[in-house]
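Undergrad: sequence below, structure please.
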Amino acid sequence: MNRSLVSRVLPFVIIGCGFGLRLYHLGANSLWYDETVSLLLARSDLTELIRHTAGDIHPPFYYLLLHIWVQLAGWSEFSSAFLSLWFGVFLIALVYGVAREWFTPMALLAAFLVAISPYNIWYSQEVRMYTLGAMLGLLSVFFFRRMVVQRKWFTRDFFAYVIFTALGIYTLYYFVFLIVFEWVYLGFVVWREMTEDGGRRTEDGQLPQLLITFVLSQVAWVLLYLPWLPIAVRQATDPPVPPWRQFIGLPQVLLESFSALVFGQSVDPSVVLPMLAVIGVGIALVLLKDRDWRYEIENQKLKIENPISPWFLFGYTFIPLAAIFLFSLWKPLYHVRYIFTYSPAFYMLAAYTLVELGAGVITWRQRMSRTVATASVIVAALLGVVFLGTIAYSLNNFWCDPQHSDCDPQYADDDLRGAVGFIADHWRPGDVILVNAGYAYPAIAYYFPEETMRERLPNYQSADGVSDLPLVLETGSIGRAANLGWGDPRSDFYATTAEETRAALNRVVSSHPRVWVLRIYDTVVDPDGVIRQYLSAHGTMIEDQGFTGESQVRVQGYLTNLSENVPPNAIAKDDSLGERVKLVGVELPSEALQAGSFYDVVLYWMILDAVNYNYQLSVQVLDSSGGVVAQQDETPLGDALPMTRWHVGQIYREPVRITLPKTLTAGDYKVIAKLYNLRDTAVLGQPVTLGVLKILPQ
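TA: Below you'll find the predicted structure:
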């Protein structure tokens, strides 16, 4: 095949492979907390989006793009993540284009490394702004360097730099650390020109022109950012969210960041440390070999004798990281995800290193014996296989579904979809749902299948009858400073006290027979366990379900009103199921129902003597011929309070919901309940008739 044709086709092959890797498994796993915040904001109208973002930890540009995108593409996990995927694929092409201008021989390899990078694939599948931030960062640095070399203001490169920089800092506050690198690079250029050749290079007026161009460019992007600047300053000095980051020492910062850049966030850095050491030594050798940054201008066109120094690429990646670490000495800021904004240069540096070392090996082979030369090729091939194998292992962990694949479950996504789905399946009229206002409500807003009522826990007074809509009470950050969320009553994060929380919970448990709690980031919002301790003391746990993910998401359910009497609104029953279990009351719908609606019934159980088996309940709707047309099977009360743990003589309330088929015809249907043994499906005693269900004509 023609070599020129291959060189033209290969970039598209690499981009296509990168697209395929980013498309695979897209949207398959649950969104995690940050992603649900993205969609909560994107669903808002533009005025609310801007207001809400002012109290968020990131500026609004990405959310505005996502707001537009989901209107066109849809709200599913798959379609909403596609926006990040597009930016991630474009980043591959952009790295190739920039690398071609900076050092042509390494461009294809740099693009390939980005295409297969687990770090890049991770954020290309996340409903967040990181691929957009990295793309804007590369464009900012690219045009900044051109502007510095050309030293002309109000040119195309000048305006491109200003626009992309302004958009970048409207996307991520951490973009400012990339600007720090640009300033350091400018300082280096100035220093070199003032010291090289005895300072004679400054006599032609180029240096003042460079400084004027630089100052004008900075003033220009600041002016574009001026409307948001007061909010950014307030965010930096008085964050509206609870402090959750802890200071991380420099060795761990370097190891975690370097491991993420090479192999992504889904491998243990200590496990791949030998491979990281080999790669680090290779990069160090190339850096030590090339200590000179040279460039020249001819006819105001860029002619680069040494187009880009590996030190430039090294500084692009690690000077922002150093700035973050130094800032963290005052206020912890570091998280490995934020380094992604500065990552494109790392893959160019890695490509530069591989090409330089490869050229060195070729040269050395001419001086080696055949045996040594062959051995060097074998070692290089083995290192390549190990590298690609580790990439594959990291991607397998990233796409982890512990229920259906062989992978390390510690890297599985937070299963908020499963947690909220569990609550939705178990919620019944009269129940209340407790979630944290900042960290858990966005998941409820996105994943709960029906409309909910939303109220802050301290504002709750009492239930006014039984609502058909789930009531979600939002808990605050207990014990935090009163100015949390800047005191805005609409803020997702608000401060409250232990006393205020307990008083509100007293009102909740007196009005609602069951409470569901979605637990996430408890150590941040309830470090002393006030809510957990209260519910343990005033309720009986019926469910305690954990879900995958590093945030240790849990759903817990509690009975709050245990009684030794059937309430007056229930129909008293005296139906024994066997010799030890009795149905002592039932609440039935007071009105006829439509096909396709919910049939809610409440059963009141009592055991006469201890049972030695956890029976299952089946509530069935029968037609006139005795055929089952709808049913609900479940563990009575819940898995955390099976029948073997019930107390003799205690009455237990169990709400049951049956979804009625839309195909039911009008008429009367018999409703029965029975307990059965899971081992052999043997029924305990005789089924009990609960009542008659009347279905209205369509």
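Undergrad: for stretch 146-166, buried residues please.
TA: Using 16 or more other CB atoms under 10 Å as the test for burial, stretch 146-166 gives 146-153, 155, 157-158, 160-166. C-betas here are computed from N, CA, C, even on glycine.
Undergrad: for stretch 225-232, same thing?
TA: Taking 16+ other CB under 10 Å as the criterion, stretch 225-232 shows 225, 228, 231-232 as buried.
Undergrad: same question, stretch 72-81
TA: 77-81.
Undergrad: with stretch 519-535 instead?
TA: 519-522, 524-526, 530-531, 534-535.
Undergrad: same check, this time on stretch 33-45
TA: Here stretch 33-45 shows 33-44 as buried, counting by 16+ other CB under 10 Å.
Undergrad: what's the offset of it from the middle of its chain?
TA: 11 Å (CA atoms, centre = their mean, to the nearest Å).
Undergrad: average pLDDT across that stretch?
TA: If you average the pLDDT over stretch 33-45, you get 94.
Undergrad: follow-up on the earlier one: need the max-distance pair from the buried residues of stretch 33-45.
TA: 33 and 44 (17.3 Å; CB to CB).
Undergrad: center of this structure, which residue is that?
TA: Centroid check for the chain by CA atoms, centre = their mean gives residue 32 as the closest residue, at 3.7 Å.
Undergrad: wait, that residue sits on residue 412?
TA: No. Using CB atoms under 8 Å, residue 32 makes no contact with residue 412, being 10.3 Å away.
Undergrad: now the common contact residues for these two.
TA: Here residue 32 and residue 412 share the contacting residues residue 549, scored by CB atoms under 8 Å, 6 or more residues apart in numbering.
Undergrad: all helices for the stretch 301-450 of the chain, in order.
TA: 310-328, 344-365, 370-398, 416-426, 441-447 (DSSP state H, counting those that start in this stretch).
Undergrad: by mean pLDDT, which helix or strand of the protein comes out lowest?
TA: strand 296-298 (a mean of 35; mean pLDDT, DSSP states H and E).
Undergrad: for residue 468, which non-adjacent residue is closest in space?
TA: Distance criterion CB to CB, 6 or more residues apart in numbering; nearest residue to residue 468, sequence neighbours excluded, is residue 429 at 6.1 Å.
Undergrad: what's the local residue count around the one you found?
TA: 16 (other CB atoms under 10 Å).
Undergrad: tell me where the stretch 51-200 of the chain has helices.
TA: Counting by DSSP H, counting those that start in this stretch, the helices of the stretch 51-200 of the chain are 61-73, 77-103, 107-116, 118-124, 130-150, 156-169, 176-195.
Undergrad: and the ones you listed: which comes nearest residue 644?
TA: helix 77-103 (39.5 Å).
Undergrad: which other helices and strands contact the closest one?
TA: helix 3-23, helix 33-42, helix 61-73, helix 107-116, helix 118-124, helix 130-150, helix 344-365 (3 or more CB pairs under 8 Å, 6 or more residues apart in numbering; DSSP states H and E).
Undergrad: please identify the deepest-packed of those helices.
TA: helix 118-124 (a mean of 27; mean count of other CB atoms under 10 Å).
Undergrad: got the buried residues of stretch 33-45 as TSV, with distance to residue 242 columns?
TA: Formatted as TSV, the buried residues of stretch 33-45 follow (distance: CB to CB, whole Å):
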residue	distance to residue 242
33	13
34	15
35	19
36	17
37	14
38	19
39	22
40	18
41	19
42	23
43	24
44	22
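Undergrad: how much space between the residue lying closest to residue 115 once chain neighbours are set aside and residue 106?
TA: Nearest non-adjacent residue to residue 115, counting by CB to CB, 6+ apart: residue 18, 3.3 Å away. Applying CB to CB, to the nearest Å, the value for residue 18 to residue 106 is 17 Å.
Undergrad: repeat for residue 189
TA: Residue 189 is 23 Å from residue 106, by CB to CB.
Undergrad: likewise for residue 233?
TA: Residue 233 is 40 Å from residue 106, by CB to CB.
Undergrad: do residue 540 as well
TA: 65 Å.
Undergrad: ok, now residue 435?
TA: Taking CB to CB, one finds residue 435 at 50 Å from residue 106.
Undergrad: and those two? Which one has more around it.
TA: Ranked by neighbour count (other CB under 10 Å), residue 435 and residue 106 place residue 435 first, with 27 against 23.
Undergrad: let's see the pLDDT reported for the closest residue to residue 559 other than its chain neighbours.
TA: Closest residue to residue 559 apart from its sequence neighbours, by CB to CB, 6+ apart: residue 540 at 4.4 Å. Looking at residue 540, its pLDDT is 94.
Undergrad: my read is that residue 540 contacts residue 645, right?
TA: No. Between residue 540 and residue 645 there is no contact under CB under 8 Å: 9.5 Å.
Undergrad: next, residue 463: phi, psi?
TA: phi -80, psi 140 (degrees, to the nearest 10).
Undergrad: what's the pLDDT at it?
TA: The predicted local confidence for residue 463 is 72.
Undergrad: ok, it to residue 486 distance?
TA: Residue 463 is 32 Å from residue 486, by CB to CB.
Undergrad: before we move on, what about residue 243?
TA: 15 Å.
Undergrad: what's the answer for residue 697, then?
TA: Distance from residue 697 to residue 486, by CB to CB: 56 Å.
Undergrad: can you check residue 95 too?
TA: 39 Å.
Undergrad: which one of these two has more residues nearby?
TA: Between residue 95 and residue 486, counted using other CB under 10 Å, residue 95 has the larger neighbour count: 27 against 15.
Undergrad: next, the contact list for the more buried one, please.
TA: With the criterion set at CB under 8 Å, 6+ apart, residue 95 makes contact with 110-111, 114, 138, 344, 347-348.
Undergrad: what's the most distant pair in those residues?
TA: Counting by CB to CB, the most remote pair of the contacts of residue 95 is 111 and 138, 12.3 Å apart.
Undergrad: low-confidence ranges in this structure?
TA: 1-6, 196-205, 290-307, 359-373, 402-408, 465-466 (pLDDT under 70).
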